[in-house]
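**Student:** mind folding the following:
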Amino acid sequence: MSSQAVRLVVLVSGSGTNLQALLDAVADETYGAQIVAVGADRGDIEGLARAERAGVPTFVERLADHPTREEWDGRLAARIAEYRPDLVVCAGFMKILGAPTLEAFPVLNTHPALLPSFPGAHGVRDALSYGVRVTGCTVMLADAGVDTGPIIAQEAVPVLDGDDEPTLHERIKTVERHLLVDTVGRMAREGWTVTGRIVRFGRPGG
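**Tutor:** Presented below is the predicted three-dimensional model:
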């Protein structure tokens, strides 16, 4: 991998299917990024096992191991910083990141709906309950809010007759994996700029 490759720290909380998509992508040297570490908020999960099988360093920082949320926020940021990432990717990470991480690194996150519609933990369920005919997924830069950061990329997914939450979510996740890989790769190869809430690929002055 080129020394110019963008350094990624990926955060996971579960099975790590988005992580696996990124692990597969970075195996191609032309992708432009390398995963330098995978972190989690709990141990003994498949996401960590995927990283270990790929030979990627891992770390676990459990909220329960710290007396306050603020101490966990600070310690997590310090653990991430040990790997000098250019970009932090939340790939199914189920904790809201605090200021120490958000202020130190650009953080990418995904959401299974077309933001700003249906933010929060139940985006798929809420879209179904509302009766929309099209939903989708969003890749955004994380900020201090819940699914309120600047949007980088979105892709639509139709809601089919007979869909329930598991079937719709599975189709969204399939699209989400491709969109995340494509977005991270473009950011790595092309750079990006943020003006207000507008994110554009390309480096300043490019």
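**Student:** give me the beta-bridge partners of residue 201?
**Tutor:** As for beta bridges, residue 201 partners with residue 192 under DSSP bridges.
**Student:** number of nearby residues for it?
**Tutor:** For residue 201, the neighbour count with other C-beta atoms under 10 Å is 15. Placement of C-beta: from N, CA and C, glycine included.
**Student:** for the closest residue to residue 104 other than its chain neighbours, give me the pLDDT.
**Tutor:** Distance criterion C-beta to C-beta, 6 or more residues apart in numbering; nearest residue to residue 104, sequence neighbours excluded, is residue 77 at 5.7 Å. Residue 77 is assigned 98 on the pLDDT scale.
**Student:** tell me which helix or strand residue 77 sits in.
**Tutor:** If you go by DSSP states H and E, residue 77 is part of helix 69-81.
**Student:** next secondary structure element downstream of that helix?
**Tutor:** Of the helices and strands lying after helix 69-81 in sequence (DSSP H and E), the nearest is strand 87-90.
**Student:** who's in contact with that following strand?
**Tutor:** Residues outside strand 87-90 that contact it (C-beta atoms under 8 Å, 6 or more residues apart in numbering): 6-11, 22, 33, 80, 97, 101, 105-110, 142, 180, 184, 187-188.
**Student:** any stretches of this protein with poor pLDDT?
**Tutor:** In the predicted model, the chain carries pLDDT under 70 at residues 1-3, 206.
**Student:** same thing but 80
**Tutor:** For the chain, the stretches with pLDDT under 80 are 1-3, 205-206.
**Student:** what segments of it are strands?
**Tutor:** Secondary structure of the chain (DSSP state E): strands at 6-12, 33-40, 58-60, 87-90, 107-111, 134-141, 151-158, 192-195, 198-201.
**Student:** could I get these as TSV with distance to residue 51?
**Tutor:** Converted to TSV, the strands of the chain look like this (distance: least, C-beta to C-beta, whole Å):
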stretch	distance to residue 51
strand 6-12	8
strand 33-40	4
strand 58-60	5
strand 87-90	13
strand 107-111	17
strand 134-141	21
strand 151-158	24
strand 192-195	25
strand 198-201	27
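**Student:** which among those is found nearest to residue 164?
**Tutor:** Of all the strands of the chain, strand 134-141 sits nearest to residue 164, with 13.3 Å by C-beta to C-beta.
**Student:** and that closest one, what other elements does it pack with?
**Tutor:** Packing partners of strand 134-141 (3 or more C-beta pairs under 8 Å, 6 or more residues apart in numbering; DSSP states H and E): strand 107-111, helix 123-130, strand 151-158, helix 165-190.
**Student:** okay, these, which one's buried deepest?
**Tutor:** Counting by mean count of other C-beta atoms under 10 Å, strand 107-111 has the highest mean neighbour count of the helices and strands packed on strand 134-141, with a mean of 23.
**Student:** residue 204 reaches residue 194, doesn't it?
**Tutor:** No - Residue 204 is not in contact with residue 194 according to C-beta atoms under 8 Å; the separation is 10.4 Å.
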